[in-house]
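1. Return a 3D structure for these sequence lines:
(chains A and B)
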Amino acid sequence: MTCAWASRTGDTLINYLYYIPNTIATAILSLLHINLPQLNYLLTWVIASVMLIIVIMVNVIIFIYVERKELGRFMDRRGPFVVGPAGFFQNFADAFKFLIKEMILPENADALGFNSTLVIIVASSLMIMTVVPQAPDFFYTNPDLGLLLAFAIFAIEPFAVVIAGWASNNKYSLLGGFRSTAQMMSYEVPMLITIISVVILAGSFNFSTIVNFQSSHVWFVIPLILGFIVFLIAIVAEIERIPFDTPDAEAELVHGWMTEYAGIKFALFQLTSYVRTFAGAAIMVLIFLGGWTGPFLPPIVWFYIKVYAVFTLFVWLRASLPRVRIDQVLNIGWRSLLPLSLFNIVIAALLRISGVFH
Amino acid sequence: MSVDLIGFTIVAAATLVLALMVVMSREIVHSALYFAGVLIGIAILFFIMNAVYVGIIQILIYVGAVVVLILFGIMLTRRNILLG
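-> Numbering: from 1, shown residues only, chains lettered A, B, ... in the order given. This next block holds a predicted model:
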């Protein structure tokens, strides 16, 4: 079996997400006097996964804090400021409150559908970040078809959402599940067509090839500004943030398909939505905003600067736009974004054959 | 016994068991849930056989679209849950 972290494109950098776990695994096995390469491989893989989950979760905590603070500023208030320095530990207090709540399985609910979909949704959302590299020296895997694979994993969630809505045995949950699935499926189409325009210019589905191409030419946001706008709208709809949060519209459906989930299950779903936001922002940075390239600072710092800038854009959209109605959501997706994304492919193909990018 | 063979055996066995559950389940939504598991298992088998593109498209089309369409169809039929 080839090593999943095999260094690509001839770079000689150390991949820290392989190097540190491998060192720890080797140290543990040499302490126990075990000499099995397969066990070393497995242990390295497990430690690397735990490290990646810690990285994602720390970012999610900072995301929630940043969102609350920025949303407060947009609304001319101060956001959380009581618990901890500048209110940073407010999230931990909220998480602890979720932990001590009872986990309720509603009467007449379908236990298998209710619980297994939780696992599917959380696991598939965490899995997106395994194929998204964060820097040339910090990635979990970097497969040839990484961009396509990331969107394939994005596409696992909708069926679990509709089953979760059905299993809750609640009409609001069922409606929320239908809305969520319909919305995600409609916006996947323009999103996938938009990434084709990026692939036409870069000539590869591999994230690091796309980023290297942008650093040697120009960020794709400049020639493909139309595609960037389509992708921004589609990704906001895909991760169900506020202008497109019809699936859990508080005014209409109590909390959409999450209504019946309580305690830590609800907290996990909320966490999952931020994980998907992180993944969406990371993919957007990688394919349109030049990824980890930038002057002076190390690549990982540039990556996170750009990701947090994109996240601030999401918060800005949330603070300033009203919610779109569900029929308008589907109309925007099929009647506006789909033709625009097809037109964007024409632009990309013209740029490609005119020899501007080669 | 190589790592590949162990992985293949586990995934193939799980896929077969899930495929049996699809036809033996009494609740049709559970069948759809197991069916998605079968399709993901087949995609992993494609990955093990180094047919990465086929595996990705398997997930994207079958899990992302076909299972959802099946579920939308199922939801419009009669069901025991949601009546009480």
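
2. Next, the buried residues of whichever helix or strand residue A:282 is part of.
-> Element membership for residue A:282 (DSSP states H and E) is helix A:263-288. Buried residues in helix A:263-288, counted by 16 or more other CB atoms under 10 Å in any protein chain shown: A:264-288. From N, CA and C alone the C-beta is placed, and that goes for glycine too.

3. Show me where chain B dips below the pLDDT cut-off.
-> Scanning chain B with the threshold set as pLDDT under 70 gives B:1, B:77-84.

4. and the residue of it nearest chain A?
-> residue B:64 (3.1 Å; CB to the nearest CB).

5. check contacts around that residue.
-> A:152, A:155, A:156, A:158, A:159, A:185, A:188 (CB atoms under 8 Å, 6 or more residues apart in numbering or on different chains).

6. same deal with residue A:57?
-> Counted by CB under 8 Å, 6+ apart, residue A:57 has contacts residue A:271.

7. which SS class is it?
-> Taken by DSSP: H, G, I helix; E, B strand; the rest coil, the conformation at residue A:57 corresponds to helix.

8. what's the spacing between it and residue A:272?
-> 11 Å (CB to CB, to the nearest Å).

9. do residue A:338 as well
-> 27 Å.

10. burial measure for residue B:76, as a count.
-> A count of nearby residues for residue B:76, using other CB atoms under 10 Å in any protein chain shown, gives 7.

11. nope, residue A:86 is what I meant
-> For residue A:86, using other CB under 10 Å, the count is 14.

12. Could you do the one 5 residues further on as well?
-> For residue A:91, the number of neighbouring residues by other CB under 10 Å comes to 19.

13. With the one 4 residues further on instead?
-> Applying the criterion other CB under 10 Å, we find 16 residues in the vicinity of residue A:95.

14. That one contacts residue A:266, doesn't it?
-> No. Residue A:95 lies out of contact with residue A:266 (CB atoms under 8 Å); the separation is 11.2 Å.

15. who touches both of those two?
-> With CB under 8 Å, 6+ apart, residue A:95 and residue A:266 have no common neighbours.

16. Could you list the contact residues of the stretch 201-350 of chain A toward chain B?
-> Counting by CB under 8 Å from any CB of the partner chain, none of the residues of the stretch 201-350 of chain A come close to chain B.

17. residue in the stretch 201-350 of chain A nearest to chain B?
-> In the stretch 201-350 of chain A, the residue that lies nearest chain B is residue A:205 (9.2 Å; CB to the nearest CB).

18. so who does that residue touch?
-> Counting by CB under 8 Å, 6+ apart, the residues that residue A:205 touches are A:144, A:145, A:146, A:147, A:148, A:199.

19. three-state assignment of the residue nearest to the second one when sequence neighbours are not counted?
-> Closest residue to residue A:145 in three dimensions, ignoring its sequence neighbours and counting by CB to CB, 6 or more residues apart in numbering or on different chains: residue A:205, at 4.6 Å. For residue A:205, the secondary structure call by three-state DSSP comes out as coil.

20. okay, the residue nearest to residue A:337 when sequence neighbours are not counted: pLDDT?
-> Once flanking residues are discounted, residue A:337 sits nearest to residue A:190: 4.0 Å by CB to CB, 6+ apart. Note for residue A:190: predicted pLDDT of 92.

21. Confirm for me that residue A:190 is in contact with residue A:340.
-> Yes. Using CB under 8 Å, residue A:190 is in contact with residue A:340, at 7.4 Å.

22. Find the residues that touch each one of those two.
-> residue A:230.

23. Please say which of the two ends up with more neighbours.
-> Neighbours were counted for residue A:190 and for residue A:340 using other CB under 10 Å; residue A:190 has more, 26 against 17.

24. The more buried one: what's it in contact with?
-> Residue A:190 sits in contact with A:230, A:234, A:333, A:337, A:338, A:340, A:341, where contact means CB under 8 Å, 6+ apart.

25. ok, 10 Å please
-> Residues near residue A:190 by CB atoms under 10 Å, 6 or more residues apart in numbering or on different chains: A:227, A:230-231, A:233-234, A:237, A:332-334, A:336-342, A:344.

26. From those, keep the buried residues only.
-> Buried among these by 16+ other CB under 10 Å: A:227, A:230-231, A:233-234, A:237, A:332-333, A:337-338, A:340-341, A:344.

27. Where helices are concerned, which of those count?
-> A:227, A:230, A:231, A:233, A:234, A:237, A:338, A:340, A:341, A:344 (DSSP state H).

28. Of all pairs in those, which one spans the longest distance?
-> A:237 and A:344 (16.8 Å; CB to CB).

29. one step back: by neighbours, which of the contacts of residue A:205 wins?
-> residue A:147 (26 neighbours).

30. isn't that one right up against residue A:194?
-> No. Counting by CB atoms under 10 Å, residue A:147 does not reach residue A:194; the two are 11.2 Å apart.

31. anything in contact with each of these two?
-> residue A:287.

32. so who does residue A:39 touch?
-> Per CB under 10 Å, 6+ apart, neighbours of residue A:39: A:25, A:28, A:29, A:32.

33. Tell me the one among the residues you listed nearest to chain B.
-> Taking the contacts of residue A:39 together and measuring to chain B by CB to the nearest CB, the closest member is residue A:25, at 15.4 Å.
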